[in-house]
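*Asks:* Fold the following.
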Amino acid sequence: MRSKSVKPASEAKRLEELWQGQFGHAYTERNRAAGEARASFWQEIFAEFPAQRVLEVGCNLGANLQWVINHVSPHQVYGVDINLTALVEIHRNLPALNAVWAPARELPFRDRWFDLVFTMGVLIHQPESTLPVVMAEIVRCSRRYVLCGEYFAKQTTEVPYRGQKGALFKRNYGRLYQELFPELSLRKQGFLSREEGWDDVTYWLFEMS
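*Replies:* As a prediction, this is how the structure comes out:
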């Protein structure tokens, strides 16, 4: 029993160290222009689902938050990440919002503190052992909406990712949220293509029942 309890934390720690180091720095450099065409998506989301306090888990350089602050007061916009280099840069480029260091499985916020908590391309990097913990933290921190945009597959499928094992998974994240948290009701679902400034991801937006 002891070995089983240690393994999830050790796997999460391995991946967190990966993203905090050179592997994570390289990701940041590759994705500097990732958010340039995302304005219309966030305009549509906040027109339909207004929010006053928002959290992005895995904010990196702010590819999404740069548009979120057009619809939510920057002082009520939060982002967490574990790559300090990215956090230093987001503080410099988007100083009005709140960007803090935290692992996704231990969010430093009170229950139901945010109107919307979201991830974009973050759950795909969570191992099987800790994915439910991360999703539970996201749900815990939201009082109304949960949004995720991730790579979709009907069944969990590991994808080789830049020489790393256990670092990228396609899944049916919408189904997983509803199975784990029946209090969530699906309000919106769609597909975001590369032509739209994304990476061919499926998104689901849930509301607390």
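*Asks:* Next, give phi and psi for residue 59.
*Replies:* Torsion angles at residue 59 (phi, psi; degrees, to the nearest 10) stand at phi -80, psi -20.
*Asks:* Give the buried residues for stretch 27-34.
*Replies:* 27, 28, 34 (16 or more other CB atoms under 10 Å). Just so you know, the C-beta spots here come from the backbone N, C-alpha and C atoms, and that holds for glycine as well.
*Asks:* could you dump those residues to CSV with pLDDT and distance to residue 53?
*Replies:* What follows is these, written out as CSV (pLDDT from 0 to 100; distance: CB to CB, whole Å):
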residue, pLDDT, distance to residue 53
27, 89, 27
28, 90, 26
34, 88, 24
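*Asks:* taking those residues one by one, which sit in helices?
*Replies:* Among these, the members falling in helices (DSSP state H) are 27, 28.
*Asks:* closest to residue 200 among the buried residues of stretch 27-34?
*Replies:* residue 34 (13.0 Å; CB to CB).
*Asks:* How about the contacts made by the closest one?
*Replies:* Listed by CB atoms under 8 Å, 6 or more residues apart in numbering, the contact partners of residue 34 are 63, 197, 199.
*Asks:* hang on, the last one packs against residue 120?
*Replies:* When you say that, I think you mean residue 199. No - at 9.2 Å, residue 199 and residue 120 do not qualify as touching, with contact defined as CB atoms under 8 Å.
*Asks:* what residue ranges in this structure are flagged as low confidence?
*Replies:* 1-8 (pLDDT under 70).
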